[in-house]
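Colleague: Just to be clear, the model below is a prediction. Sequence and coordinates:
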Amino acid sequence: GNSVTQMEGPVTLSEEAFLTINCTYTATGYPSLFWYVQYPGEGLQLLLKATKADDKGSNKGFEATYRKETTSFHLEKGSVQVSDSAVYFCAKGQGGKLIFGQGTELSVKP
Amino acid sequence: GAVVSQHPSWVICKSGTSVKIECRSLDFQATTMFWYRQFPKQSLMLMATSNEGSKATYEQGVEKDKFLINHASLTLSTLTVTSAHPEDSSFYICSASVRGGGASEQYFGPGTRLTVT
């Protein structure tokens, strides 16, 4: 297969809660891995990336580690804020293209 | 920097008509632009990849005669949905990549909502 699978949403959390959004991929070779975020009414923005096994991408308190052995790239944040409410997309890059997961909607309540 | 715009942001057209969507890189030159389609609550599906000055490369299952892509300059690509039908209603998103960049260097537009009545 050649796909990216994310945990289903919506995910609803209280402010300051711990966040995990699971992402697994199938691929031949070693793709680059990405997390994109889409805030309401806006385009996709690159949140973080990792290009090889064991790399950790991080940005704005979010982290994800490229796990080759489990073909995973789970997104984590220790303490979410209301402003983190958005749709998060996991993606892999191969051959100059991006293949996206289905997206996970996150809603953070005050 | 690296801003991509799309126009229009939404459009309603009648079945059988054609509609053109523009994608512009505002502050950089984009050698490659990508067109995606997104259904509600679903992922982005890559439709085609266009390189400036050459024909677009379409993904399997995408009708090239229905979705005409033109990438005439380093800052503009257009997607024309010809003879639109209600099943073409969707959210269309473009992205642009910079010269020499890999798959990570894609900057996304805000999307265009197409509704065919």
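Modeller: That came in fine, so what should we check first?
Colleague: which SS state does the closest residue to chain B within chain A fall under?
Modeller: Relative to chain B, the nearest point of chain A is A:G93 (3.0 Å; CB to the nearest CB). Using the backbone N, CA and C atoms, a C-beta is placed for each residue, glycine as well. Taking DSSP: H, G, I helix; E, B strand; the rest coil as the rule, one finds A:G93 in the strand state.
Colleague: what number of residues lie near it?
Modeller: 20 (other CB atoms under 10 Å in any protein chain shown).
Colleague: just B:E52 next, same as before
Modeller: 17.
Colleague: Model confidence for the nearest residue to B:Q29 once chain neighbours are set aside, exactly?
Modeller: Distances taken as CB to CB, 6 or more residues apart in numbering or on different chains put B:L74 closest to B:Q29, at 4.0 Å, once the chain neighbours are dropped. pLDDT, B:L74: 89.
Colleague: again, but for B:G1
Modeller: 67.
Colleague: Spatially, which residue comes closest to B:T75, not counting chain neighbours?
Modeller: Nearest non-adjacent residue to B:T75 (CB to CB, 6+ apart): B:S25, at 4.9 Å.
Colleague: Quick check: phi and psi at that neighbour.
Modeller: phi -90, psi 120 (degrees, to the nearest 10).
Colleague: Look up the residues forming beta bridges with it.
Modeller: B:V4 (DSSP bridges).
Colleague: Next: A:V108.
Modeller: A:L13.
Colleague: Does it touch A:V11 like I think?
Modeller: No. Judged on CB atoms under 8 Å, A:V108 makes no contact with A:V11 at a distance of 9.1 Å.
Colleague: that older thread, quick one, what contacts the residue nearest to B:T75?
Modeller: B:S25 makes contact with B:2-4, B:33, B:74-76, B:96, B:107, according to CB atoms under 8 Å, 6 or more residues apart in numbering or on different chains.
Colleague: From the residues you listed, which land in helices?
Modeller: Here DSSP state H is the test, and the contacts of B:S25 give no hits in helices at all.
Colleague: Show me which pair in those is furthest apart.
Modeller: Largest separation among the contacts of B:S25 by CB to CB: B:A2 and B:L76, giving 15.8 Å.
Colleague: Up against chain B, what does chain A have?
Modeller: A:4, A:32, A:34, A:36, A:41-46, A:49, A:51, A:89, A:93-103 (CB under 8 Å from any CB of the partner chain).
Colleague: just the buried members of the residues you listed?
Modeller: Neighbour counting by 16 or more other CB atoms under 10 Å in any protein chain shown classes A:4, A:32, A:34, A:36, A:43-44, A:46, A:49, A:51, A:89, A:93-94, A:97-103 among these as buried.
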